[in-house]
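In: 3D model of this:
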Amino acid sequence: MTTLMKRLRTGLLASAVVTTIAVTTASAAQPQNVRVIAHLDMAEGQRPENITLEPDGSAVVTFAYSRQIARITRDGKVRVLATLPAPAAGSTTPALSQPFLGGIVRADDGTLYFLYATGSSDLTGVWRMRTGGTAQRIAALPAEGLPNGLALDRSARRLYVADSVLGTVWRVPLTGGAPSRWSSGPELAAAGFLGANGIKVHRGSVWVSNLDQGTVLRIPVTRQGGAGSVETRATGLTNIDDFVFTGPGDTLMAAINADNAIDLVKPDGSHTVVLTGADGIENPTSLALRGTTAYIASGAYFTNHDPNLLTVRTTARP
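Out: Numbers count the residues shown, from 1 in each chain. Below you'll find the model as predicted:
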């Protein structure tokens, strides 16, 4: 394992034991006018791992190691919506040891879908929580894996899961049931710690980031719904976690977790740092977009100082 991967693993494991900022970017997507609206409580385990947005501008996040789903309002108030059950004694989550809440998405009817990994077969998988309801597992995933990133294909009513340990993209019906191994291969595999990580459905393809390999991958969805050949669209992004597209084209913003940066990645694969710790981010983990505003969750896995939620208003649309 490389020194960089050891640093990343150490930071994530340490955080297991132990907001919104507005940024306007110019046409070159350089940040300006940072404003802090709210801070999260690290002592309460409020380290956001993934994020989805609600119509009123509130964000719903997973807190990675406290087993909680929470809503953060536009004025910074935090309300815990659910706490998932703890695994049986002796269960060990692959790669991370601790129970881990990963990706989360919101359907149009307000139903939340999210991923839980515990190293136990009775809890690991895709979970669902309807508005006003309780959390329940709707699809089991292998206990030896680490379901991390989650994407929703609204038109096909399918969920795609990026498994960081098994190097696999799973597909699950929105109604739940047995998962299918949709795509796997060396491009999705880990190289010492975590492989396939962030995942999005975009322009008829499933896009995946690989943390260890520092890549952004595109996997076309065939007419029959299968996975086409994996295409590498960007390299040199080691420690990439989640990402979000800035518009209808293929430009995206990527969270570079351990390096404490947000990179703007162009369609040709070139990338530039546009946000750093000086702008208020603290080990960014995930992003979500509404209009021209991108929300950025910071887990503070290494800084151990100020987990928060950021927003970036950007004109980088292509």
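
In: And the lowest mean pLDDT element among the helices and strands of this protein?
Out: Sorting the helices and strands of the chain by mean pLDDT, DSSP states H and E puts strand 21-25 at the bottom, at a mean of 35.

In: Quick one: neighbours of the closest residue to Gln136 other than its chain neighbours, just the number.
Out: The shortest distance from Gln136 to any non-neighbouring residue, by CB to CB, 6 or more residues apart in numbering, is to Arg128 (6.0 Å). Just so you know, the C-beta spots here come from the backbone N, C-alpha and C atoms, and that holds for glycine as well. Using other CB atoms under 10 Å, Arg128 has 20 neighbouring residues.

In: tell me how far the one helix or strand Arg128 maps to is from the chain's mean position?
Out: Under the criterion of DSSP states H and E, Arg128 resides in strand 125-129. In terms of CA atoms, centre = their mean, to the nearest Å, the centre of strand 125-129 is found 15 Å from the chain centre.

In: And for stretch 78-91?
Out: Taking mean C-alpha positions (CA atoms, centre = their mean), stretch 78-91 and its chain are 19 Å apart.

In: just to revisit the earlier point, surely the residue nearest to Gln136 and Leu150 touch.
Out: No - counting by CB atoms under 8 Å, Arg128 does not reach Leu150; the two are 11.4 Å apart.

In: what's the overlap in contacts for these two?
Out: Overlap of the contact sets of Arg128 and Leu150 (by CB atoms under 8 Å, 6 or more residues apart in numbering) consists of Tyr113.

In: In the stretch 201-318 of the chain, what residue spans correspond to strands?
Out: Per DSSP state E, counting those that start in this stretch, the stretch 201-318 of the chain carries strands over the ranges 205-210, 215-220, 231-234, 240-245, 252-256, 261-265, 271-276, 284-290, 293-298, 308-313.

In: between those, which gets nearest to Ala107?
Out: For Ala107, the closest of those is strand 284-290, at 14.3 Å, according to CB to CB.

In: residues in contact with that closest one?
Out: With CB under 8 Å, 6+ apart, strand 284-290 has contacts from 48-53, 57, 59, 64, 103, 198, 241-246, 253, 255-257, 260-262, 275, 294-299, 301, 310.

In: Any quick PyMOL command for the buried ones out of those?
Out: To isolate the buried ones among these in PyMOL, judged by 16 or more other CB atoms under 10 Å, type:
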select buried, resi 48+49+50+51+52+53+59+64+103+198+241+242+243+244+245+246+253+255+256+257+260+261+262+275+294+295+296+297+298+299+301+310
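
In: Skip the chain neighbours and tell me the closest residue to Asn210.
Out: Gly195 (5.3 Å).

In: now Leu275
Out: Ile262 (3.8 Å).

In: what about the closest residue to Glu44 other than its chain neighbours, which SS state?
Out: The shortest distance from Glu44 to any non-neighbouring residue, by CB to CB, 6+ apart, is to Ser66 (7.2 Å). Under DSSP: H, G, I helix; E, B strand; the rest coil, Ser66 falls in the coil class.

In: who's in contact with Ser66?
Out: 44-47, 83.

In: could the strands of the stretch 201-318 of the chain go into TSV alongside distance to Gly176?
Out: Shown next, in TSV, are the strands of the stretch 201-318 of the chain (distance: least, CB to CB, whole Å):
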stretch	distance to Gly176
strand 205-210	19
strand 215-220	23
strand 231-234	30
strand 240-245	24
strand 252-256	29
strand 261-265	33
strand 271-276	37
strand 284-290	23
strand 293-298	26
strand 308-313	29
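
In: wait, which of the ones you listed is closest to Glu187?
Out: strand 215-220 (5.6 Å).

In: For that closest one, buried residues please.
Out: So strand 215-220, judged by 16+ other CB under 10 Å, has buried residues 215-219.
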